[in-house]
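In: generate a structure from the sequence data that follows.
(2 chains)
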Amino acid sequence: MSKSNTILYLDGVSVSFDGFRAINNLSLVLDKGEMRAIIGPNGAGKTTMMDIVTGKTRPDEGEVFFDGQVDLTKHDEAEIAMMGIGRKFQKPTVFESHTIEENLMLALKGPRSIFPALFHRRSAAEARQIDDILGIIRLGDKRDQLAANLSHGQKQWLEIGMLLAQDPKLLLVDEPVAGMTDAETEETARLLKEIARDHSVIVVEHDMHFVRELGVKVTCLHEGSVLSEGTLDFVSADERVVEVYLGR
Amino acid sequence: MITGRFFAAGADRRIAITILILLAVAIIVPLLNLAVSPTSAFYVPSYIVALTGKYLCYALLALALDLVWGYCGILSLGHGAFFALGGYAMGMYLMRQIGARGVYGNPILPDFMVFLNYKELPWFWTGFDHFWFAAIMVLAVPGLLAFVFGWFAFRSRVTGVYLSIITQAMTYALLLAFFRNDMGFGGNNGLTDFKDILGFNVQADATRSALFAASALMLALAVFVTWAIVGSKYGKLLMAVRDAESRTRFLGWRAENVKLFAFTVSAVMAGIAGALYVPQVGIINPGEFEPSNSIEVVIWAAVGGRGTIVGPIIGALLVNAGKSWFTGVLPEFWLFALGGLFVAVTLLLPKGIVGMWDSWRGNAKALRAASLAEEAGTDPVVPPQQKIVRSAATKPGDWSSSSPEPQPAE
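Out: Below you'll find the predicted structure:
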């Protein structure tokens, strides 16, 4: 299989924790500009897969390539983030003691060393970028509020906004609509589709309505490897998938 | 650039006031000690100058700890080690200044070395006869130790209690090392019997006043530097690492470097505090490495309010003034009082004195705003409007200010 036109390329990846195989010979390919939804029951290895891609966990074996040529197993979290992989956590993780604006400022693409940060002054271009992102995530009127005061859904949106500020090539979004109302879920799907126009995106989600809303290729994971892949209708018609979800 | 921000921002009034007070104290106290006749009511006795000068050094140490603990969540239980190292560097300079006036009259070797049969000065004592060299060592030795220690600890991602324990182990290891006579630092007697600093008699009132003023000025400078660091983008990052370290990593920041910088700056500040402390108390011995000393620093910062710049200073001054008074009145009970104080602060004032004051002021302000709104007659209108806004907010898009209805002030 050629890696040349892929943004993410996993081949034969395995990792185990204390004898438990969290990821078992997983192979997954994401084309440039593609959005992919990943589903699967609890413990299928979805979050572990993200840990491997973002450098938090090293795989025991297998290949992980970003952008066709970069071997991700040789880099750590900060390097991988700088290459252009952004990650949203399952539990919304924002800097609660900072304002919305400061959260975005810390995420904004730019030099990541100490001394520039020490003498940093906000440029007009940065202010404009922050304004744009605040518009996209619709938190413009809350820019000076502490992130701690946001609702759960708003924190999810702020975190997505921080990903956008990073301007990554690939976004890994873990359960973006957990704990959201139906209307918020719909709005999030709209937002992600908008983002997917010029980014590659992987969305991990349990909510089937949401996945249907996205209307993209679906990969179902089970026990650390790919069980089924295709359109949502195809995957949900797959007997093995039904079996996994409903139990034997 | 940074100074511009300093004079522009009204929100930082408290910092400006603190610095002004310290500058004023640096001038007034020495004046009242030297220029006022001892019979006058305004006379400040020399022992008070020495005592408060010592407290200011403690305040600087507490501020240094607060930079890493309050703003970055690194609970260092070994900051006394950096303080002591700075003190030893200054002590070595003061020992070399004694020259031939020691008991044994050796022009090169300090008394304890003659006593221990040293034939020549150990290599690490060379250069300490120059003040500039000692001054550089005051900054470099604690800074370098913190850098090397932090480099390994933060890179291996040692955090929380484990980090606290190894900082404690570090200061304990140094305590044991400095107790040894063959280390060449005077063993358990330490360095003492100082005569001159920069050619002035350390015992003289004028020198003591100058040291007091230097401590106050240095504390003012440290307040300014800490404020500038904390207010910068780096400072925001420091707090971000404290609150959600993994988030900063996935944003591409190197959390270990962020911590390392703060830890090193903090150690240098602690070293300066130690260097100013030693000539004022006239002795430095391995007891300064005692783990309990470092824990006391944590208590000062906690009592005053960690994560505030003024808090640790107030905490250090209050607790030490309390200690001086208490050990005079009921010496056996001081440790119980200190323990009780820590328990009480943790239970009753989790944010310390300054944090408590802020939240009390915040509440008062909110109450005043609410009563003003009531007087203006806006209150009766607000509840129905609020309901309409809430029920209409079925889409997340309605969070934005794009809705035409005025939002009720909360």
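In: bridged to the residue nearest the centre of chain A, which residues?
Out: Chain A has residue A:172 as the residue nearest its centroid, 1.5 Å off, counting by CA atoms, centre = their mean. According to DSSP bridges, the residues that bridge with residue A:172 are residue A:87, residue A:202.
In: what's near enough to touch it?
Out: The contact partners of residue A:172, by CB atoms under 8 Å, 6 or more residues apart in numbering or on different chains, come to A:50, A:53, A:54, A:85, A:86, A:87, A:88, A:202, A:204. (Glycine included, C-beta is placed from N, CA and C.)
In: wait, the fourth one touches residue A:168, no?
Out: Right, residue A:85. Yes. In this structure, residue A:85 is within contact of residue A:168 by CB atoms under 8 Å, at 5.6 Å.
In: anything in contact with each of the two?
Out: What both residue A:85 and residue A:168 touch, as defined by CB under 8 Å, 6+ apart, is an empty set.
In: which one's more surrounded, those two?
Out: residue A:85 (31 against 22; other CB atoms under 10 Å in any protein chain shown).
In: send over the worst-scoring helix or strand of chain A on mean pLDDT as PDB, restricted to the C-alpha atoms.
Out: Here the helix or strand of chain A ranked lowest by mean pLDDT, DSSP states H and E is helix A:239-246, holding a mean of 84. Only the C-alpha atoms of helix A:239-246 are listed here, as PDB (Å, rounded to 0.1, in the frame of the first residue of the first chain):
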ATOM      1  CA  GLU A 239     -23.500  -8.700  11.200                       C
ATOM      2  CA  ARG A 240     -20.200  -8.700  13.200                       C
ATOM      3  CA  VAL A 241     -20.800  -5.100  14.100                       C
ATOM      4  CA  VAL A 242     -24.300  -5.700  15.300                       C
ATOM      5  CA  GLU A 243     -23.100  -8.700  17.300                       C
ATOM      6  CA  VAL A 244     -20.400  -6.600  19.000                       C
ATOM      7  CA  TYR A 245     -22.800  -3.900  19.900                       C
ATOM      8  CA  LEU A 246     -25.700  -6.000  21.000                       C
END
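In: quick one, strands of chain A?
Out: Using DSSP state E, the strands of chain A run over A:6-17, A:20-31, A:35-39, A:61-66, A:70-71, A:85-88, A:170-174, A:200-204, A:217-222, A:225-230.
In: show me what the third one is packed against.
Out: Applying 3 or more CB pairs under 8 Å, 6 or more residues apart in numbering or on different chains; DSSP states H and E, one finds that strand A:35-39 contacts helix A:182-196, strand A:200-204, helix A:208-214, strand A:217-222.
In: over to the shortest one?
Out: The elements that strand A:70-71 packs onto, with contact taken as 3+ CB pairs under 8 Å, 6+ apart, are strand A:61-66.
In: per-residue confidence at residue 54?
Out: All of this refers to chain A. With respect to pLDDT, residue A:54 scores 93.
In: chain B, not that one
Out: Reported pLDDT for residue B:54: 96.
In: can you tell me the closest non-neighbouring residue to it?
Out: Distances taken as CB to CB, 6 or more residues apart in numbering or on different chains place residue B:280 nearest to residue B:54, at 5.5 Å, with adjacent residues excluded.
In: please name every helix or strand in contact with the host helix or strand of that neighbour.
Out: Assessed by DSSP states H and E, residue B:280 sits inside helix B:255-281. Packed against helix B:255-281 by the contact rule (3+ CB pairs under 8 Å, 6+ apart) you find helix A:114-118, helix B:46-72, helix B:79-98, helix B:131-155, helix B:205-231, helix B:233-243, helix B:245-250.
In: and the ones you listed, which is most packed in?
Out: Mean neighbour count, computed with mean count of other CB atoms under 10 Å in any protein chain shown, is highest for helix B:79-98 among those, reaching a mean of 28.
In: which strands or helices does that helix pack on?
Out: By 3+ CB pairs under 8 Å, 6+ apart, helix B:79-98 packs against helix B:46-72, helix B:131-155, helix B:160-179, strand B:191-192, strand B:196-197, helix B:255-281, strand B:283-284, helix B:291-304.
In: tell me the helix or strand right after that helix.
Out: Toward the C-terminus from helix B:79-98 - assigned by DSSP H and E - lies helix B:111-115.
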